[in-house]
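Enquirer: Pasting the sequence and the predicted model now:
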Amino acid sequence: MAYRYGNRLQMNLFPQSIEDYVPQDDPVRAYDAFVESLDLAELGITVDETQVGNPEYEPKAMIKLLVYGYSYGIRSSRKLERAAHHNISFIWLMGGLKPDHKTIAKFRTDNKGALKNILKQNARLCIKLGLIEGNTLFVDGSKIRANAAIDNTWTQDKCEQYLKSIDEHIESMLKECDVMDEKEQNSKSLIKLKKELKDRETLKSKIQGVMKELKTQDIQSINSTDPECVKVIGRQGTHSGYNGQIVVDDKHGLIVSSDVVNDNNDREQFANQIEQAHDTLEHKCKNACTDAGYADTDELTKIDGQGVNVIVPSQEQISGQETKPFDKEQFRYDSQNDCYICPKDILCLTAILIKKRT
């Protein structure tokens, strides 16, 4: 059987217009139409055609790059830069513009609020197109590693221990200085000691600043590299990071809302995330589901009290512990007789009789 061989020297003729790079039914055109329909002024993005200085990239083109990239899981500014150079659909979407990764990152940083509203409008568009029903929602979280070492996470106890150690070290160096002052031949070493002493004093000042910040913000710990991250426990072990939250719709698994929080667990996130999804949907869902990591009674009650069916397994169910015959989950409520029915028939009758007599 013959083979097909490539030929890099073969002459090919690309379309003369970038518009012809993608077919009319390519999904990228839907993203283009969506962003073109946005009112940038309403979103808080200023468009000034008369500004002086080096011209910026057109805001809608930058929004298209970010929204389209995010929808395909491309979060890195460097990867978005590469896509604008090599990916045909990105080249078409950007009209040939090729911003570098620093420009992309700066635009995203300067317009975080607007981008959040844009993604919310994107979800609402999916609702109008029937892609999101909003009847059943699922909530889940994922630990995201921060660009900060966990060793830079400070607590009150850790600060106090370091300060004690530094004070002891400084005291030791001062005593050594006193001894060496009496010996002229060791005067050179005194300069080194003074430098080390200065470094210790600087470290002590920094730790005292961290302790002050802990007390001012009334928090348990803080990372000196990235103050917003926390210590999280994920599949990769314990590290500094964030807690990413996502709410998806049951119909096609499309994202309704997303959030990033600095809580190291999910127990206090359920109500907040469902409320954000309700804000996007502009109505309450019928069912809200999640895993046992969100099983906090107070949080679940906030949503259950709104008439939403909350479906969350307990920690005992997940752990696979054997259910005892007289656990409270085994009792059934009888609204007609206003009593709980015991799992055993004989006790059921007894419970009803006792209720009627009283």
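Expert: Okay, I see it. Numbers count the residues shown, from 1 in each chain.

Enquirer: Would you state the strands of this structure in chain order?
Expert: 136-145, 153-155, 221-223, 230-234, 237-249, 255-261, 287-289, 309-311, 332-334, 339-341 (DSSP state E).

Enquirer: between the ones you listed, which one is nearest to residue 79?
Expert: Among those, the nearest to residue 79 by Cβ to Cβ is strand 136-145 (16.6 Å). For the C-beta atoms, the positions are set from N, CA and C on the backbone; glycine is no exception.

Enquirer: Can you give the strand pairings for that closest one, parallel or anti for each?
Expert: Strand 136-145 pairs in its sheet with strand 237-249 (antiparallel), strand 287-289 (parallel), by DSSP bridges.

Enquirer: For the first one, which residues meet the burial criterion?
Expert: To tie it back to what came earlier, the one meant is strand 237-249. By neighbour count, with 16 or more other Cβ atoms under 10 Å as the criterion, the buried positions of strand 237-249 are 239, 240, 241, 242, 243, 245, 246, 247, 248, 249.

Enquirer: Quick check, pLDDT for the fifth one.
Expert: Among the per-residue scores, residue 243 holds a pLDDT of 83.

Enquirer: same thing with the second one?
Expert: On pLDDT, residue 240 comes in at 77.

Enquirer: Pull the most distant pair out of the buried residues of strand 237-249.
Expert: The most widely separated members of the buried residues of strand 237-249, counting by Cβ to Cβ, are 240 and 249 (31.9 Å).

Enquirer: quick one on the thing from earlier: okay, the strands of the chain in a markdown table with distance to residue 38 next?
Expert: Supplementary listing: the strands of the chain in a markdown table, determined by distance: least, Cβ to Cβ, whole Å:
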| stretch | distance to residue 38 |
| --- | --- |
| strand 136-145 | 25 |
| strand 153-155 | 40 |
| strand 221-223 | 36 |
| strand 230-234 | 34 |
| strand 237-249 | 22 |
| strand 255-261 | 18 |
| strand 287-289 | 30 |
| strand 309-311 | 35 |
| strand 332-334 | 51 |
| strand 339-341 | 55 |
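
Enquirer: who wins for proximity to residue 82 among the ones you listed?
Expert: With respect to residue 82, and counting by Cβ to Cβ, the nearest of the strands of the chain is strand 136-145 at 22.1 Å.
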